[in-house]
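J.: Sequence first, then the predicted structure, then my questions.
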Amino acid sequence: MCASLTLVWFTLVSVGPAWADSRPVVLFLGTSLTAGYGLPSEQAFPALIQRKIDDAGLSYRVVNAGVSGDTSAGGLRRIGWLLRSRVSVLVLELGANDMLRGLDPATMQSNLRTIIDRTRSKYPDTRLLIAGMRAVPNLGRDYMKAFESAYPKLASEYEAGLIPFLLEDVAARPDLNQPDGIHPTAKGHELIAERVWRQLQSMLETR
């Protein structure tokens, strides 16, 4: 499902206080995984990251810009609007829906690169954390290699933090996923938040 600006307006969640808040933003740009599909927004991992930020006494506001069904192209269409806020850290979780639709990994990589370039063009000091995904085996070995290698290539190119597989230890575990077998439960999001925080914390503390 492609995201229009209208859809973004109703789905974008500022996890911290209202838009007037002047704290620098940690922007989570992603899919239903970031949005917390099937859960209250406060149980999605970006909201859990906001709690960790607050508990650590750090002054940042998390913005959850996850949209269910979004592709890398959808994220690219949205990024200009999202950059109205001063983005200090961009957490990029896109590509899973490109893969599920069998879209070209090279195009996905190009879209993600353009998102990063536009972000750093406006905010040159923005730090970057890339959340990688894995391809399903039935797409073939060549597709899997091209898709999965895109994330470390971008991380290396932009000196970004990298989570090789966001759903590590969560994917394919019935106790950590909702009945659809795809979207994590609240407990699954807690594990994802711990993985993200291990990389994100140092980025925020050294600003």
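T.: Alright, I've got the coordinates.
J.: Distance from stretch 197-207 to the middle of the chain?
T.: Going by Cα atoms, centre = their mean, to the nearest Å, the spacing between the C-alpha centre of stretch 197-207 and its chain's C-alpha centre is 16 Å.
J.: Restricting to C-alpha, output that stretch in PDB.
T.: As requested, C-alpha coordinates have been extracted for stretch 197-207 and formatted as PDB (Å, rounded to 0.1, in the frame of the first residue of the first chain):
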ATOM      1  CA  TRP A 197      19.100   0.500  21.700                       C
ATOM      2  CA  ARG A 198      22.500  -1.200  21.900                       C
ATOM      3  CA  GLN A 199      23.500   0.700  18.800                       C
ATOM      4  CA  LEU A 200      21.500   3.800  19.200                       C
ATOM      5  CA  GLN A 201      22.500   4.700  22.700                       C
ATOM      6  CA  SER A 202      26.100   5.400  21.900                       C
ATOM      7  CA  MET A 203      25.000   7.600  18.900                       C
ATOM      8  CA  LEU A 204      22.900   9.700  21.300                       C
ATOM      9  CA  GLU A 205      25.300   9.900  24.200                       C
ATOM     10  CA  THR A 206      28.200  11.200  22.000                       C
ATOM     11  CA  ARG A 207      26.200  14.000  20.300                       C
END
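J.: quick one: contacts of it?
T.: Among residues not part of stretch 197-207, those counted as contacts by Cβ atoms under 8 Å, 6 or more residues apart in numbering are 24, 26, 49, 52-53, 56, 58, 60, 88-89, 91, 127, 129, 161-163. Glycine gets a C-beta too; all of them are placed from N, C-alpha and C.
J.: Just the buried ones from those?
T.: 24, 26, 49, 52-53, 60, 88-89, 91, 127, 129, 161, 163 (16 or more other Cβ atoms under 10 Å).
J.: Closest to residue 39 out of these?
T.: Each of the buried ones among the contacts of stretch 197-207 was scored against residue 39 by Cβ to Cβ, and residue 49 proved nearest at 14.6 Å.
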